[in-house]
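**Q** Quick check, what structure comes out for this input:
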Amino acid sequence: MKIRTLKLREAHKPSPGYGAANGSSFCSILWDQQARHLVTASSSDSGISIHDALLPSTTPKILRHHRDGVTALALSPNSTCLASGSIDNSVKLYKFPGGEFETNITRFTLPIRALAFNQSGSMLAAAGDDDGIKLINTVDGSIARVLKGHKGSVTGLAFDPMGEYLASIDSMGTVLFWELQSGTILHTLKGVAPSTGLDTSLVNILSWSPDGEMLAVPGLKNDVVMYDRDTAEKVFTLRGDHLLPLCFLSWSPNGKYMATSGLDRQVLIWDVLKKQDIDRQKFEDRICCMAWKPVGNTLAVVDVSGKYGLWESVIPSSMKSPTDDIPQSLKKSNGLMLFEEEGQEPCSSGSLGDLGEDSVGESGPPSRKRIRKRSEFDEDDPAENTLDGFGLLPRRMAPKRAHYSAREHLDKGSNEELRSTAMSVRSKMQEAFQPGVTPVQPGKRRFLCYNMLGTITTMEYDGYSHIEIDFHDTSRGPRVPAMTDHFGFTMACLNENGSVFANPCKGDKNMSTLMYRPFSSWANNSEWSMRFEGEEVKVVALGVHWVAAITSLNYLRIFTEGGLQKHILSLDGPAVTASGSKNQLAVVTHASSCLPSSDQVLEFQVFDIRNGTRPSRGRLPLSPGSHLIWFGFSEEGLLSSYDSKGVLRVFTSQYGGSWLPLFSANKTKKSDENYWVVGLNASKLFCIVCKSPEVFPQVMPKPILTLLDLSFPLASSDLGADVLENEFILNNLHLFQIQKRIEESSSDDSRDTTELDDEAFSTEAAQDRCILRLIASCCNSDKLVRATELVKLLTLEKSMKGAIKLVTALKLPNLADRFNNILEERMLNETKGMPETAGVAVSQGSGSARNGTASEVQSEPSCIKSSSTTLSAPRFFKKVVNRGDQKGRNDHNLQTAREVQPEVASSGGSTELRTATAAGTQELNGTSNPFLKSSSNGPTKETTSQRPPSNPFKKSAK
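**A** Have a look, this model is predicted:
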């Protein structure tokens, strides 16, 4: 058995004055419908915690309205109303997720133990140590009916998803099936579940399957027993390796799996159809409550000491997800809108009022006003009976007919379902974010900006904030004094010239503000600010001599460094994020509402601020089910993005503009790590490693940057040379970017391209080394066709000759002959197109590789073309350079020759292969290397390169 390494976070502290005698408490946990919040409570704590599921390290919102420990929680199906029950005998309602207290909906004379909403949210069932289950009309707060029949404390309640039955269980192990229409008991199952005795941290629980066909109840043999919904007959059991009685069970959203926890501190995951457990974990303490995440593959757990955590990837990826094929009855949103959405005022019809019972910290006039209702049951006869009069229950019908009635009801409300789905999809659209910003943490300093240049941090005090700017390399940036912030800035951006700050609007009097502070200026008072009336800044960006801000009205506002309002553009959709580099500004917006799969539909645009053009535009790719968490430019100016699934993509102009996946965190990070991206360069990703469940760094202690190698998500090759293949693709990408920069520089005659030429030469030499090692691997794996394709991609002539010697030493005469033919054909084709005057040549394919001596121009062809039409190789080049530059290149190529042999040897090849590789690299390492200086005082011409190389497998003519 595996001991669960899941890290649990403390949500509630146990108190000796609460809970069972052993100090354990019964704790509750549940998700909201959108999986954005987790709610926890404990019988040893009077507070209810609402956690941000996306930012678990942030301080949760605490609701303290009970006088004693909270023993039960329930959330309405549409996640607008939260109900809580307590040892103080009261049941309270709150708006959700805001947490505003609404009313004391009812009161008992003894502690509450169980709460449950029906499928429409129109009824709340409450029970506990008192005699009777109260059915409360959530529309006006009235008690619709009291169900009496249990002889012990009621610890579990569950409404049938079809709305016909209520199931209840007590501490003595008795289960009752109630018919809601008449309030009568249909079936009584005595002693079918374990007796919990006086231990209040242990409760009996029961749960309907999502399709409503079965009721799951803990059995007497440490198992789970399934009962038929209509006959209450035993259907089957789930019996596994629980050593002690069960204390909680939970169905997955689609009903295909079940999670059970026992007194033996084990949690088992079951495949219900196969009736077998598929995974099990043991925890340090007893898990007393669990909740499946409505979207994804996660199980939330909380133990008796008040610690909670998220069990990711509960179901193996080879099996169906727990949220696939959810029954249609659960997808339909036919419930009451108990409270208006957060941020809106209550509707004119009123809200639930206080029923005259006191609450800690609240008081208000009694009110019976009816809350706005969205329900199909309004058409029922209000005079039939008390429950039906409020439209709470369906009419009585034969049990088997209920399934067909439910389907008809779904069809009847299909239009409303579509509207509800559309609203839900729109609500899932990603909010705007500033790259490099961390969330607000009360009492702690946080980052307003963290990039490759430096950081901007802030800490809130009473009425103002203290802002500090620091550079990673103090020699690059000036020393910037600290700043007192009276605006409450929430985002910032930093470059070599200055910093920009912005804050959202805070009421009518505190408008959104944008402020720019240059680090140096020839004029006094060079700092400037802008205020926005009726709109607020969402994202800011900086470049060379410009500042950009995107507002809530979808305006892109561009300012000069001095504060001149230069351009105002309307964007196509709500902004998500933006980033700037030199003259380029990249903006990400929503292209449309989310897809039915909840995938974001984003679009990016790149603006050239200096020239007033838009060179690039298109869709921004994301991993399925992910959202964008970082966006920016690499140090080389490549636009890059990083999503919540850990995939880094870089935009290139290849294939008309494409995003290349350069990194996947799933292949490198540990299960308890999260990567917070800072930036990247040509070969490394710069990030901060955060220990799960943390997803962003703290300012103190100072975070350490981690460098990760960029690596394409390659398929598992039969060659077994994934590292070499990744290096090969990366080198091609770098050569393409260098060539693009050379072409851009060639249009400006005043710009010197010597550095770019040298960079291209070095990259081409490195690529040739990589190709030679790949050829060696191909020969070792008998992949001769692939080796032939690779030799056509070699750039340097000496590399071609080295490849010929390699396969010759490996005793592959046919392959050596083919390599010779390829070299002869390339040289012949280039001879035909040789220019009359040799000079500097620029490559059309990969840059500016050179071949020849340094002192004089050779009479041999300056370029050698490839004979392949599908895999065209770069040409051979020579360039006149001075003796100092040549010496550096001689040293570089000598090092190249020395590296090839040991690198191939380390790849696991045979002794014969390593010997052949040494022979293949002799051309680069020997005296005939044209890049090595002659021992004579004058320049030396190489004459062997003017004729095709000899074939070692042909007899010499004598």
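**Q** mind listing the helices for the stretch 601-750 of the chain?
**A** 722-746 (DSSP state H, counting those that start in this stretch).
**Q** and residue 455, what does it touch?
**A** Residue 455 makes contacts with 447, 449, 469-470, 472, 494, as judged by CB atoms under 8 Å, 6 or more residues apart in numbering. The C-beta positions use only the backbone N, C-alpha and C, and glycine is treated the same way.
**Q** Now with 7 Å, please.
**A** 447, 449, 470 (CB atoms under 7 Å, 6 or more residues apart in numbering).
**Q** Can you lay out those residues as a markdown table showing distance to residue 59 and neighbour count?
**A** Below are those laid out as a markdown table (distance: CB to CB, whole Å; neighbours: other CB atoms under 10 Å):
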| residue | distance to residue 59 | neighbour count |
| --- | --- | --- |
| 447 | 17 | 21 |
| 449 | 22 | 25 |
| 470 | 25 | 14 |
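**Q** Now intersect those with the strands, please.
**A** 447, 449, 470 (DSSP state E).
**Q** Closest one of the residues you listed to residue 548?
**A** residue 449 (14.7 Å; CB to CB).
**Q** longest single helix anywhere in the chain?
**A** helix 754-780 (DSSP state H).
**Q** I'd like to check the angle between that one and helix 722-746, please.
**A** 150 degrees (axes from the mean of the first three to the mean of the last three CA atoms, to 10 degrees).
**Q** what packs against helix 754-780?
**A** helix 722-746, helix 784-791, helix 797-809, helix 883-905, helix 911-920 (3 or more CB pairs under 7 Å, 6 or more residues apart in numbering; DSSP states H and E).
**Q** Which positions within that helix qualify as buried?
**A** The neighbour-count check on helix 754-780 (16 or more other CB atoms under 10 Å) flags 756-780 as buried.
**Q** same deal with stretch 451-470?
**A** 451-452, 454-458, 460, 465, 467-469.
**Q** Is it possible to get CSV of those residues that adds distance to residue 124?
**A** Formatted as CSV, these follow (distance: CB to CB, whole Å):
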residue, distance to residue 124
451, 50
452, 54
454, 54
455, 49
456, 48
457, 46
458, 44
460, 39
465, 43
467, 48
468, 51
469, 53
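**Q** In strands, which of those fall?
**A** 454-458, 460, 465, 467-469.
**Q** between the ones in strands among the contacts of residue 455, which is nearest residue 113?
**A** With CB to CB as the yardstick, the closest approach to residue 113 among these comes from residue 447, at 44.9 Å.
**Q** sorry, back to before: please point out the stretch among the helices and strands packed on helix 754-780 with the lowest average pLDDT.
**A** When the helices and strands packed on helix 754-780 are compared by mean pLDDT, helix 883-905 comes last with a mean of 46.
**Q** Next one: residue 746 from residue 756, what distance?
**A** 10 Å (CB to CB, to the nearest Å).
**Q** Check residue 766 too.
**A** 16 Å.
**Q** What of residue 165?
**A** Distance from residue 165 to residue 756, by CB to CB: 77 Å.
**Q** same question, residue 823
**A** Distance from residue 823 to residue 756, by CB to CB: 28 Å.
**Q** ok, and for stretch 569-579, which residues are buried?
**A** Buried residues in stretch 569-579 (16+ other CB under 10 Å): 571, 573-579.
**Q** got the contact list for it?
**A** Taking CB under 7 Å, 6+ apart as the rule, stretch 569-579 contacts 430, 432-435, 538-539, 541, 548, 550, 554-556, 585-591, 602-603, 628, 631-633.
**Q** Tell me the gap between that stretch and the middle of its chain.
**A** 21 Å (CA atoms, centre = their mean, to the nearest Å).
**Q** End to end on it, go ahead and measure it.
**A** 16 Å (CA to CA, to the nearest Å).
**Q** same question, stretch 674-692
**A** 6 Å.
**Q** Just the buried positions in that stretch, please.
**A** Per 16+ other CB under 10 Å, stretch 674-692 contains these buried residues: 674-680, 684-690, 692.
**Q** Equivalent analysis for stretch 812-820, please.
**A** Those would be 812, 815-820, for stretch 812-820 by 16+ other CB under 10 Å.
**Q** any low-confidence regions in the stretch 751-900 of the chain?
**A** Low-confidence segments of the stretch 751-900 of the chain (pLDDT under 70): 751, 833-900.
**Q** wait, which of the buried residues of stretch 451-470 is closest to residue 260?
**A** residue 460 (45.0 Å).
**Q** Hmm, residue 30 is touching residue 73, no?
**A** Yes: here residue 30 reaches residue 73: they are 5.8 Å apart, a contact under CB atoms under 7 Å.
**Q** Now for those two: what residues contact both?
**A** residue 39.
**Q** Run through the helices of this structure in chain order.
**A** 328-331, 386-389, 401-412, 414-427, 722-746, 754-780, 784-791, 797-809, 813-832, 883-905, 911-920, 922-925.
**Q** and residue 595, what does it touch?
**A** Each residue near residue 595 by CB under 7 Å, 6+ apart is listed here: residue 601.
**Q** Which pLDDT value goes with it?
**A** 86.
**Q** ok, it to residue 326 distance?
**A** 17 Å.
**Q** for residue 255, same thing?
**A** From residue 255 to residue 326 the distance is 8 Å (CB to CB).
**Q** of the two, who's got more company?
**A** Taking neighbours as other CB atoms under 10 Å, residue 255 and residue 326 compare with residue 255 leading, 21 against 17.
**Q** What about the more buried one? Give its phi and psi, please.
**A** Backbone torsions of residue 255, given as degrees, to the nearest 10, read phi 80, psi 10.
**Q** Next one, pLDDT for it please.
**A** Value for residue 255, per-residue pLDDT: 92.
**Q** check contacts around it.
**A** 209-211, 272, 327.
**Q** can you do 6 Å?
**A** Neighbouring residues of residue 255 by CB atoms under 6 Å, 6 or more residues apart in numbering: 209-211.
**Q** what's the burial count for the closest residue to it other than its chain neighbours?
**A** Closest residue to residue 255 apart from its sequence neighbours, by CB to CB, 6 or more residues apart in numbering: residue 210 at 4.0 Å. Neighbour count of residue 210, defined by other CB under 10 Å: 18.
**Q** so residue 210 touches residue 327, yeah?
**A** Yes: taking CB atoms under 6 Å as the definition, residue 210 is a contact partner of residue 327 at 4.9 Å.
**Q** Just the buried positions in stretch 283-298, please.
**A** 283, 286-298.
**Q** burial of residue 565, as a residue count?
**A** 10.
**Q** Now do the contacts for it.
**A** So residue 565 contacts residue 559 (CB under 6 Å, 6+ apart).
**Q** separation between it and residue 795?
**A** In terms of CB to CB, residue 565 sits 51 Å off from residue 795.
**Q** before we move on, what about residue 449?
**A** From residue 449 to residue 795 the distance is 42 Å (CB to CB).
**Q** Tell me what residue 650 is bridged to.
**A** residue 640, residue 660 (DSSP bridges).
**Q** how many other residues sit next to it?
**A** Residue 650, neighbours per other CB under 10 Å, totals 21.
**Q** Does it touch residue 640 like I think?
**A** Yes: between residue 650 and residue 640 a contact is recorded at 5.0 Å, counting by CB under 6 Å.
**Q** Could you find the closest non-adjacent residue to the spatially most central residue of the chain?
**A** Centrality entry for the chain: nearest residue to the mean C-alpha point is residue 644, 1.4 Å, by CA atoms, centre = their mean. Spatial nearest neighbour of residue 644, excluding adjacent residues (CB to CB, 6+ apart): residue 626 at 4.4 Å.
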